[in-house]
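# let me see the structure of the following:
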Amino acid sequence: MKFALALYGNEISPHFGHCEKFLIVNTKDGKEISRKEVENPGHQPGLLPRLLAGEGIECIIAGGIGRRAQMLFSDSGVEVIAGAQGTPDAVIDAFLADELKTGENICDH
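I've put the predicted structure just below:
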């Protein structure tokens with residue numbers, strides 16, 4: 001599975017579209033096999049879902065994400081997990097262990 005975390009500094013970004021970068025994690029058999037960072041090219045409606053879907057992302061994890069981005073990801077078959085918080089390593093470990101706790105989508109606008 002290949003998934004991406006929206007980051008701001010060394011934390012999950014509270015707003016998907018305004019994150020600094022994405023950490024793309026590739027896994028196999030529930031274990032991380034690679035990761036890479038992709039800078040956010042800018043907040044433009046529809047751009048980021050296309051960019052990440054083009055990277056082969058199957059799931060996006062963010063603190064908050066707007067409805068339009070959620071719809072665009074859904075249309076591309078990409079799962080969206082909103083309400084995540086914490087450091088990338090903690091979120092990755094929890095996600096891979098199927099123990100990721102999430103709160104409210106804090107930018108559902």
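# OK, contacts around Phe73?
Pro49, Leu52, Ala53, Ile60, Glu79, Val80 (CB atoms under 8 Å, 6 or more residues apart in numbering). Heads up, the C-betas are built off the backbone N, CA and C, glycines and all.
# so is the first one in a helix, a strand, or just coil?
I take that to be Pro49. Under DSSP: H, G, I helix; E, B strand; the rest coil, the three-state class of Pro49 is helix.
# just checking, it touches Leu72?
Yes - under the criterion of CB atoms under 8 Å, Pro49 makes contact with Leu72 at 3.8 Å.
# and these two? which has more neighbours close in?
Pro49 (25 against 20; other CB atoms under 10 Å).
# any idea how far the more buried one lies from Ala62?
Taking CB to CB, to the nearest Å as the criterion, Pro49 is separated from Ala62 by 12 Å.
# may I see the buried residues of the helix or strand of the chain with the lowest mean pLDDT?
The helix or strand of the chain with the lowest confidence, counting by mean pLDDT, DSSP states H and E, is helix 47-54 at a mean of 87. By 16 or more other CB atoms under 10 Å, the buried positions in helix 47-54 come out as Leu48, Pro49, Leu51, Leu52, Ala53.
# ok, these vs Lys28, which is closest?
Minimum separation from Lys28 among the buried residues of helix 47-54 (CB to CB) is found for Leu52, which lies at 19.5 Å.
# just give the nearest non-adjacent residue to the closest one, would you?
Ala4 (5.6 Å; CB to CB, 6 or more residues apart in numbering).
# which stretches of this protein have low pLDDT?
Under the criterion of pLDDT under 70, the regions of the chain flagged as low confidence span 106-109.
# quick one, helices of it?
47-54, 67-75, 88-96 (DSSP state H).
# in the second one, which of the residues would be classed as buried?
Buried positions in helix 67-75, judged by neighbour count with 16+ other CB under 10 Å: Ala69, Gln70, Leu72, Phe73.
# which residue lies farthest from the center of the protein?
Asp29 (19.8 Å; CA atoms, centre = their mean).
# okay, and the beta partners of the residue nearest to Leu52?
According to DSSP bridges, the residues that bridge with Ala4 are Ile24, Ile60.
# ok, it - contacts?
Ala4 makes contact with Phe22, Leu23, Ile24, Val25, Val38, Leu52, Glu55, Ile57, Cys59, Ile60, Ile61 under the criterion CB under 8 Å, 6+ apart.
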